[in-house]
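Participant: Any chance you could fold what I've pasted below:
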Amino acid sequence: MGGILVLTLLPDGPYLKGRAHFDARMLWRVFRHQQFRHAAFGYFGHMWELYAFWSMVSFFLAARLEGAALSWQGWLPLLSFATIGVGSLGCALGGMCSKRSGEKTVASTSL
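Facilitator: Numbers count the residues shown, from 1 in each chain. The predicted structure is shown next:
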């Protein structure tokens with residue numbers, strides 16, 4: 001949805017001279033660099049872990065709150081959203097810290 005909004009509502013900037021053409025060979029050339037490859041695969045693994053967690057939040061909360069005195073079924077989507085959304089605070093805080101300390105320091109400390 002975000003991509004569609006960007007494509008339809010945001011014009012190109014005033015300094016755009018032309019568009020770069022897509023070159024699939026660059027995928028292989030980029031991954032030849034060891035430092036980039038390590039960072040990229042670390043990121044891919046991290047995101048895989050997060051998506052697995054996010055997909056299970058609703059199921060975990062439903063099992064945890066089953067039989068509770070209050071009816072939590074109506075609150076599960078909101079609780080799941082809040083659990084996932086709180087990560088945005090950590091993301092913003094990490095971004096601010098990385099400007100001061102550097103990305104490598106923040107990433108190492110976070111891990």
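Participant: Who are the packing partners of the longest helix seen in the chain?
Facilitator: As assigned by DSSP state H, the longest helix anywhere in the chain is helix 34-64. If contacts are counted by 3 or more CB pairs under 8 Å, 6 or more residues apart in numbering; DSSP states H and E, helix 34-64 sits against helix 76-85. Every residue, glycine included, has its C-beta placed from N, CA and C.
Participant: Could you give the average pLDDT over stretch 82-89?
Facilitator: What stretch 82-89 shows for mean pLDDT is 83.
Participant: got it, and stretch 14-33?
Facilitator: For stretch 14-33, mean pLDDT is 86.
Participant: same question, stretch 46-64
Facilitator: Taken as a whole, stretch 46-64 has a mean pLDDT of 83.
Participant: do stretch 104-111 as well
Facilitator: For stretch 104-111, the per-residue pLDDT averages 83.
Participant: Report the buried residues of it.
Facilitator: Going by neighbour count (16 or more other CB atoms under 10 Å), the buried part of stretch 104-111 is residue 106.
Participant: Please enumerate residues in contact with it?
Facilitator: Applying CB atoms under 8 Å, 6 or more residues apart in numbering, the set of residues contacting stretch 104-111 from outside is 94, 97-98.
Participant: The same query, at a cut-off of 10 Å, please.
Facilitator: With contacts defined as CB atoms under 10 Å, 6 or more residues apart in numbering, stretch 104-111 is touched by 39, 42-43, 46, 90, 93-102.
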